[in-house]
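how would this look folded up:
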Amino acid sequence: PWFEFGLMAPPGSPLARRHPNWLSQKRDGGCTSISAAGEVVWLNPFHPEVQQLISDLVLEVVRRFTVTIEGTISDGALTLNEQFKYSDGTNSQRVWTIRRSGENGYTGTAGDVIGIAQGSAYGNALQWAYVLSLEVDGRTYAVTFDDWMYLQDTHVMLNHSVMRKFGFRLGEVVLAFRKA
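Sure, this is the predicted structure:
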């Protein structure tokens, strides 16, 4: 299947022949249409097995990790330096620059974040939304993250993050942060 223009595939592809019930139908009952890629069929994004296919294709790797975060404040900006260590032995880094935006709002940027992250804090909760450029098996995907962080006490914060692509839930990450 091809994802640049949506969930389409050539009508004679093995996927279309094997799973005709996965295809969207037009009002006239036909399944094919003409696009920039030629004649195509569209996968039905509401079909549970199509959703699973998308999830499997986009996010094939699950890795455990630990992260060490160091924060500094300078000129009204919070800089968070995140050092990731993954179970497969690889490492990565993300550096956030976060600024207050209004009474309860925050904005942030990082090298692998597409555009500007937006957040709102109320009480002990912070909601943080952003699009991450996520590399999986040598390919890069734009994945939407919706993080909810809850401060438990002065030393512990829980983070529940839901990842989506094309509006479909790909998975989730649950983190527990402990202040050293």
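
excluding its backbone neighbours, what's nearest Arg94?
Glu82 (4.5 Å; Cβ to Cβ, 6 or more residues apart in numbering). Where C-beta positions appear, they are placed from N, C-alpha and C, glycine not excepted.

Quick check, pLDDT for that neighbour.
Per-residue pLDDT puts Glu82 at 94.

Contacts for the helix or strand hosting it, please.
Using DSSP states H and E, Glu82 sits in strand 77-86. Strand 77-86 is contacted from outside by 63-73, 91-99, using Cβ atoms under 8 Å, 6 or more residues apart in numbering.

Which members of these occur in strands, if any?
65-73, 91-99 (DSSP state E).

List only those of those residues flagged as buried.
Buried members of the ones in strands among the contacts of strand 77-86, counted by 16 or more other Cβ atoms under 10 Å: Arg94, Trp96, Ile98.

CSV please, covering the residues you listed and showing distance to Met8 and pLDDT.
Formatted as CSV, these follow (distance: Cβ to Cβ, whole Å; pLDDT from 0 to 100):
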residue, distance to Met8, pLDDT
Arg94, 33, 95
Trp96, 36, 97
Ile98, 38, 97
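
Which of the helices or strands spans the residue nearest to Leu158 when sequence neighbours are not counted?
Nearest residue to Leu158, sequence neighbours excluded (Cβ to Cβ, 6+ apart): Tyr150, at 4.9 Å. Using DSSP H and E, Tyr150 sits within strand 139-151.

Helix or strand next in line after that strand, which one?
strand 156-165.

Tell me how far that next one lies from the chain's centre.
10 Å (Cα atoms, centre = their mean, to the nearest Å).

which helices and strands does it pack with?
strand 139-151, strand 168-178 (3 or more Cβ pairs under 8 Å, 6 or more residues apart in numbering; DSSP states H and E).

Show me which residues of it are buried.
Met157, Ser161, Met163, Lys165.

in the chain, which residue is closest to the centre?
Val143 (2.8 Å; Cα atoms, centre = their mean).

among the helices and strands packed on strand 156-165, where is the model least confident on average?
The minimum mean pLDDT among the helices and strands packed on strand 156-165 belongs to strand 168-178 (a mean of 83).

Quick check: can you name the pairing partners of it and their directions?
strand 156-165 (antiparallel) (DSSP bridges).

Contacts for stretch 151-165, please.
So stretch 151-165 is contacted by 54, 58-59, 124-126, 141-150, 169-179 (Cβ under 8 Å, 6+ apart).

Filter those residues down to the buried ones.
Ile54, Val58, Leu59, Leu126, Tyr141, Val143, Thr144, Phe145, Asp147, Met149, Leu170.

That'll do, ta.
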